[in-house]
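Engineer: What would the 3D arrangement of this be:
(one chain, ligands or ions: 2)
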Amino acid sequence: MDIIYLIKIGEIILKLGNRREFEDRLRYDLKRRLSGIPARIEISVGRYFLHTGEEHAPAVELILSRTPGVNGFAKAFKREKNMDEIAAAAVLAAREASDGGASSFKVESRRSDKSFPLDSYAISAAVGEIILEKVPALRVDVRNPDVVINVEIRDKAFIYGRVQVGQKGLPVGVSGKGLLLLSGGIDSPVAGWMMAKRGLSIEALYFHAYPYTSDEALGKVKRLAELVADYAGEVKLHVASFTEVQLAIKKRADESRTTLYMRGAMMRVAHRVAAMSGAHSIITGESLGQVASQTAENLRFTGSFTDLAILRPLVGIDKEDTIRMAKAIGTYETSILPFEDCCVLFSPRHPILKAVLDEERKAYDAMELDPLLDETILSMLTFRYGF
Ligand code: ATP
Ligand code: MG
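Structural biologist: Ligands and ions are numbered 1, 2, ... in the order given. Predicted coordinates:
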């Protein structure tokens, strides 16, 4: 246990009065993610410290960088509270930063132990002078430094330089559970990741239409669930067989309505699966106007099949930006694999753009899909990813 990570967590939330829950959740979540790695988490006055061995640093850093609720983290040196030790550690941190490309620095000190003989200003001045002497490649820039060398005097002295950014957001679970409608596309994995960062634990539901959608398409969705779990911690994936439902819609509905009604049927099933799994919201990758089924009128129709909150984090996001996010979180390459999640067979040539709710609900109800939806739910398969 020779290194310590100093973990910065969402300061704003701490002010909202649910600090305790936030802390408990994050600690529990981190423990599960770190299982198998010798590491110890310590919380003291709102600060998280993670003790581990140098050989585990890469694995620990990967986990910290993907855990919602972690704003940032820094590898810190823990030292006795005397200026020689503090300065020596500050030189190490400064050298690491310089090797990493920094050319300017400043020192910031905080002293919660007021019995320490130097005040924070004097600590910074002394440490800064030694860094200038020992790391000649660095110069001081108090306004816009490449790296801030931090010195914190608590029960011990903590010295750290570079802060790596985290996911920010809220720890998974503080907002309850959301059911993610996960397709094999680009959007829905991104939507799941975004909502995991808002504190939702994620359960996923995929509608499979074998043989119209291939086993490779299912494999792709499983892989995407696993990738979302890198951030959400754990993802249970339900796979519902939708072939019979789709065939029935194709047979019973006007061609221009097939996609719209399929979305409605999906939402109906999602509503029931959410109820079974304790989810209070349904998450989709829909974006306003992106395709015919995503006009405001059609979203209203789809939304009429549930009274749960429908969370559409991409509703106002441009596709380009979604793609950028998908690349950043590592789902893009899998999403663009060429196995379609939906079949041309079911795509109308002229889909309806502005559903009139009452009319379309009447026509939808006349299809009497409920027995088929019951079947779908009864035959669902469940897989688990993460942790
Ligand atoms: P995505 O890239 O997420 O597939 P998309 O832009 O292709 O989205 P649609 O295919 O119209 O848009 O799907 C809209 C949303 O409906 C998806 O983001 C997803 O949440 C849900 N969805 C679509 N198809 C399925 C499916 N087969 N199983 C589960 N959810 C689905
Ligand atoms: Mg799609």
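Engineer: Contacts only, for the closest residue to residue 369 other than its chain neighbours.
Structural biologist: Residue nearest to residue 369 in three dimensions, not counting chain neighbours: residue 265, with 5.7 Å by C-beta to C-beta, 6 or more residues apart in numbering. In this view, the C-beta of every residue, glycine as well, is placed from N, C-alpha and C. Residues near residue 265 by C-beta atoms under 8 Å, 6 or more residues apart in numbering: 242, 245, 249, 305, 369, 373.
Engineer: what does residue 186 give?
Structural biologist: 285, 319, 322-323, 326, 331-332, 335-336 are the contacts of residue 186 under C-beta under 8 Å, 6+ apart.
Engineer: about what we covered before: can I take it that the residue nearest to residue 369 is in a strand?
Structural biologist: No. Counting by DSSP: H, G, I helix; E, B strand; the rest coil, residue 265 falls outside a strand, being helix.
Engineer: how much space is there between it and ligand 1?
Structural biologist: 11 Å (C-beta to the nearest ligand atom, to the nearest Å).
Engineer: Present the contacts of residue 186 as a markdown table; the columns should include neighbour count, secondary structure and distance to residue 150.
Structural biologist: As requested, those are exported to a markdown table (neighbours: other C-beta atoms under 10 Å; DSSP: H, G, I helix; E, B strand; the rest coil; distance: C-beta to C-beta, whole Å):
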| residue | neighbour count | secondary structure | distance to residue 150 |
| --- | --- | --- | --- |
| 285 | 25 | coil | 40 |
| 319 | 12 | helix | 40 |
| 322 | 23 | helix | 36 |
| 323 | 16 | helix | 36 |
| 326 | 22 | helix | 34 |
| 331 | 26 | coil | 34 |
| 332 | 18 | helix | 35 |
| 335 | 23 | helix | 39 |
| 336 | 13 | coil | 42 |
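Engineer: of those residues, closest to residue 364?
Structural biologist: Distances from residue 364 to the contacts of residue 186, taken as C-beta to C-beta, are shortest for residue 285 (22.4 Å).
Engineer: Which pLDDT value belongs to the closest residue to the closest one other than its chain neighbours?
Structural biologist: Excluding the flanking residues, the one nearest residue 285 by C-beta to C-beta, 6+ apart is residue 187, at 3.0 Å. With respect to pLDDT, residue 187 has a value of 97.
Engineer: Just the pLDDT at residue 17, thanks.
Structural biologist: Predicted confidence (pLDDT) at residue 17: the value is 70.
Engineer: meant to ask about residue 8
Structural biologist: pLDDT, read off for residue 8, is 89.
Engineer: How about the contacts made by it?
Structural biologist: Contacts of residue 8 by C-beta under 8 Å, 6+ apart are 70-74, 163, 166.
Engineer: go with 10 Å
Structural biologist: Residues near residue 8 by C-beta atoms under 10 Å, 6 or more residues apart in numbering: 46-48, 70-74, 163-166, 168.
Engineer: Then residue 109?
Structural biologist: By C-beta under 10 Å, 6+ apart, the contact set of residue 109 is 86, 90, 116, 118-128, 149-153, 157, 159.
Engineer: make it 7 Å
Structural biologist: By C-beta atoms under 7 Å, 6 or more residues apart in numbering, the residues touching residue 109 are 120, 123-124, 151.
Engineer: Give me the phi and psi for residue 38.
Structural biologist: Main-chain dihedrals, residue 38, degrees, to the nearest 10: phi -70, psi 110.
Engineer: Could you give the number of residues near residue 382?
Structural biologist: The local packing of residue 382 (other C-beta atoms under 10 Å) involves 12 other residues.
Engineer: so where does it fall, helix or strand?
Structural biologist: Remark: residue 382 resides in strand 381-386, with elements defined by DSSP states H and E.
Engineer: residue of the stretch 51-200 of the chain with the smallest distance to ligand 2?
Structural biologist: For the stretch 51-200 of the chain, the residue closest to ligand 2 is residue 185, as judged by C-beta to the ion, at 3.4 Å.
Engineer: How confident is the prediction for residue 78, by pLDDT?
Structural biologist: 87.
Engineer: So it sits against residue 156, correct?
Structural biologist: Yes. Contact status for residue 78 versus residue 156: in contact at 5.2 Å, counting by C-beta atoms under 7 Å.
Engineer: neighbours around residue 315, how many?
Structural biologist: 18.
Engineer: In this structure, where is pLDDT below threshold?
Structural biologist: 1, 11-16, 46, 340-345 (pLDDT under 70).
Engineer: just to revisit the earlier point, can you lay out the contacts of residue 8 as CSV showing distance to residue 9?
Structural biologist: What follows is the contacts of residue 8, written out as CSV (distance: C-beta to C-beta, whole Å):
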residue, distance to residue 9
46, 8
47, 8
48, 6
70, 6
71, 6
72, 9
73, 10
74, 13
163, 13
164, 14
165, 13
166, 9
168, 9
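Engineer: Just the buried residues from these, in PyMOL please.
Structural biologist: Selection of buried members from these for PyMOL, criterion 16 or more other C-beta atoms under 10 Å:
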select buried, resi 48+70+71+72+73+74+163+166
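Engineer: before we move on, back to that, out of the contacts of residue 265, who's nearest ligand 2?
Structural biologist: The shortest gap between ligand 2 and any of the contacts of residue 265 belongs to residue 242, at 13.5 Å (C-beta to the ion).
Engineer: Quick check: phi and psi on the spatially closest residue to that closest one that is not a sequence neighbour?
Structural biologist: In space, and not counting its chain neighbours, residue 242 is closest to residue 207: 4.0 Å by C-beta to C-beta, 6+ apart. Phi and psi for residue 207, reported as degrees, to the nearest 10, are phi -100, psi 120.
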